[in-house]
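Q: Quick check, what structure comes out for this input:
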Amino acid sequence: MSQAEIEELAARVQRATRAVAFTGAGISTECGIPDFRSPGGFWSRHRPIEFKDFLGSEATRAEAWRRFFAIRQSLVGAKAGPAHLALAELVRRGHVASIITQNIDGLHAQAGVEPGRIVEIHGNGTYAHCLSCGERHEIDWVEAQLDASGLPPACVVCGGIVKAATISFGQAMPDQAMADARAATLDADLFLAIGSSLSVFPAAGFPVLATRNRTPLVIVNREATGLDGLASLTIHGEVGEVLPAVVELLHS
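A: Numbering: from 1, shown residues only. Have a look, this model is predicted:
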């Protein structure tokens with residue numbers, strides 16, 4: 001990345017009042033959270049459990065929970081990083097209106113972004129819910145119940161299946177979150193794709209939608225993405241360095 005690129009991004013952000021930040025694994029890997037989908041990551045070493053299999057077998061649900069607890073170990077204690085804090089500041093200043101995130105770690109909220117401005121299209125891994133009635137259940141409670149009986153617990157309200165509030169392989173994307181993300185994208189005056197390979201669809205369809213709506217697309221990522229050709233500005237660098245530098249320029 002160059003200083004000229006940082007200055008250009010800062011100028012664009014300064015003019016924006018309805019920017020959307022679309023964040024992927026790269027914003028959280030800098031906080032010590034692994035990219036589970038990358039080569040060598042968790043899902044390349046363990047065959048993903050499909051949602052239909054989760055629903056169909058109690059034993060499969062128990063195994064899915066054990067895998068989730070293994071993944072959760074990397075989330076526990078993680079703190080919002082410089083890029084999360086910089087985005088929260090851009091929201092506070094009125095430049096970024098919404099954050100659409102592929103991440104399940106809850107770090108945007110931890111950074112101080114109000115929940116109404118965060119759209120979690122792949123769900124949230126900090127709690128569980130009942131697939132039938134929607135009742136929230138805490139992850140620690142699920143783990144304690146599974147440890148005690150060896151069986152995944154049922155919903156305390158309706159007896160339904162309890163699952164982490166994330167989107168599993170083969171599970172339909174959440175209707176409301178996808179609708180909210182689409183509405184935010186179509187309303188944006190700047191679309192910032194941050195720390196995402198932009199290779200996982202349908203999530204990666206939102207920056208494409210932005211360009212079709214004639215909204216300028218900026219991509220900030222350590223490596224090149226398949227959508228770089230659509231961007232009006234591409235910065236290859238660490239998001240935890242780029243975004244704080246932008247905020248610093250806006251201070252001056």
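
Q: wait, doesn't Val20 sit right on Leu190?
A: Yes - the pair Val20 / Leu190 is scored as a contact, 7.4 Å apart, by C-beta atoms under 8 Å. Every C-beta, even on glycine, is put in place using the N, C-alpha and C of the backbone.

Q: which one's the longest strand in this structure?
A: Secondary structure of the chain per DSSP state E: the longest strand is strand 123-130.

Q: May I have the strands that pair with that one, each with its orientation?
A: Sheet pairing for strand 123-130, assigned by DSSP bridges, gives strand 136-137 (antiparallel), strand 162-166 (antiparallel).

Q: residues in contact with the shortest one?
A: With contact meaning C-beta atoms under 8 Å, 6 or more residues apart in numbering, strand 136-137 is reached by 127-130, 153, 155-156, 162, 165.

Q: Which of those residues sits closest to Phe69?
A: Checking the contacts of strand 136-137 against Phe69 by C-beta to C-beta gives Ala128 as the nearest, at 11.4 Å.

Q: May I have stretch 87-94 as PDB, with CA atoms only?
A: The C-alpha coordinates for stretch 87-94 follow below in PDB (Å, rounded to 0.1, in the frame of the first residue of the first chain):
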ATOM      1  CA  LEU A  87     -14.700   1.200  11.600                       C
ATOM      2  CA  ALA A  88     -16.600   1.900  14.900                       C
ATOM      3  CA  GLU A  89     -15.100   5.400  14.800                       C
ATOM      4  CA  LEU A  90     -16.200   5.900  11.100                       C
ATOM      5  CA  VAL A  91     -19.700   4.800  12.200                       C
ATOM      6  CA  ARG A  92     -19.700   7.300  15.100                       C
ATOM      7  CA  ARG A  93     -18.600  10.100  12.800                       C
ATOM      8  CA  GLY A  94     -21.400   9.400  10.300                       C
END
